[in-house]
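S.K.: pasting the sequence and the predicted model now:
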Amino acid sequence: MPEQVNQDWVKYQNTIEQFIQVIAKNMSLYGVTPSIGRLYGVLYFAEEAMTLDNMREALEMSKTSMSTGVRTLSDMKMVEPSFKKGIRKDLYKSEEDWYKSFTSLFGSRWRHHTETNIEEADEAIQELLNLREHTTDESLKEKIEMDIERLEYAQDYYRWLMRFIYVVESGEIFEYVPKIKQTRGKKQ
């Protein structure tokens, strides 16, 4: 292989590796470790589905770590099982529709936290109502009234957020912010 061609391949590999590092770093936004982010990056740029052994070799990590990473990415709908005739080992490929991955991941993560916040606000309101009913301190009763209003405002926000999450999960978001359609390097 001529020296220039070899250097070009090295530059190519370095460019892809840099982008995989960006993916790994940004995955922390979703509560994912950098190693799992690198795993997704390797799968995303792989031309074919990979086995756990292929992934282990590419990332120099243990098979157990690869298995855990694939399970995490699968739960996030970022990796899916694949099949190739004649290969008995489990194969995996990345979900290449990042819009789909984002809406699924965003929805599940935000829904969980928002539902928890709604429940916590409900409990706090009930506790404050109970306290207001039993206290004789008028200034405390006034403070409780103000704080209940604050908590009800928070609940309204969380209900709005649940509607927003639905718009994202259902795909309605793309009616307001359309996807940029691209196929293999060509924007449409």
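M.R.: Right, received. Where do you want to start? As the structure is a prediction and not an experimental result, all values here were calculated from the model. Numbering: from 1, shown residues only.
S.K.: residue 155: neighbour count?
M.R.: Taking other C-beta atoms under 10 Å as the criterion, the count of residues near residue 155 is 16. From N, CA and C alone the C-beta is placed, and that goes for glycine too.
S.K.: check residue 26 too.
M.R.: Neighbour count for residue 26, taken as other C-beta under 10 Å: 12.
S.K.: which helix or strand contains it?
M.R.: Assigned by DSSP states H and E, residue 26 belongs to helix 3-26.
S.K.: so who does residue 69 touch?
M.R.: Residues in contact with residue 69, defined by C-beta atoms under 8 Å, 6 or more residues apart in numbering, are 35, 36, 39, 55, 61.
S.K.: does residue 105 really touch residue 29, like I thought?
M.R.: No: judged on C-beta atoms under 8 Å, residue 105 makes no contact with residue 29 at a distance of 9.6 Å.
S.K.: for the helix holding residue 26, packing partners?
M.R.: helix 34-45 (3 or more C-beta pairs under 8 Å, 6 or more residues apart in numbering; DSSP states H and E).
S.K.: what packs against the helix it packs on?
M.R.: Using 3+ C-beta pairs under 8 Å, 6+ apart as the test, helix 34-45 ends up in contact with helix 3-26, helix 52-59, helix 63-75, strand 91-94.
S.K.: tell me what the closest residue in space to residue 74 that isn't next to it in sequence is bridged to.
M.R.: Nearest non-adjacent residue to residue 74, counting by C-beta to C-beta, 6 or more residues apart in numbering: residue 80, 6.9 Å away. Applying DSSP bridges to residue 80 gives these bridge partners: residue 93.
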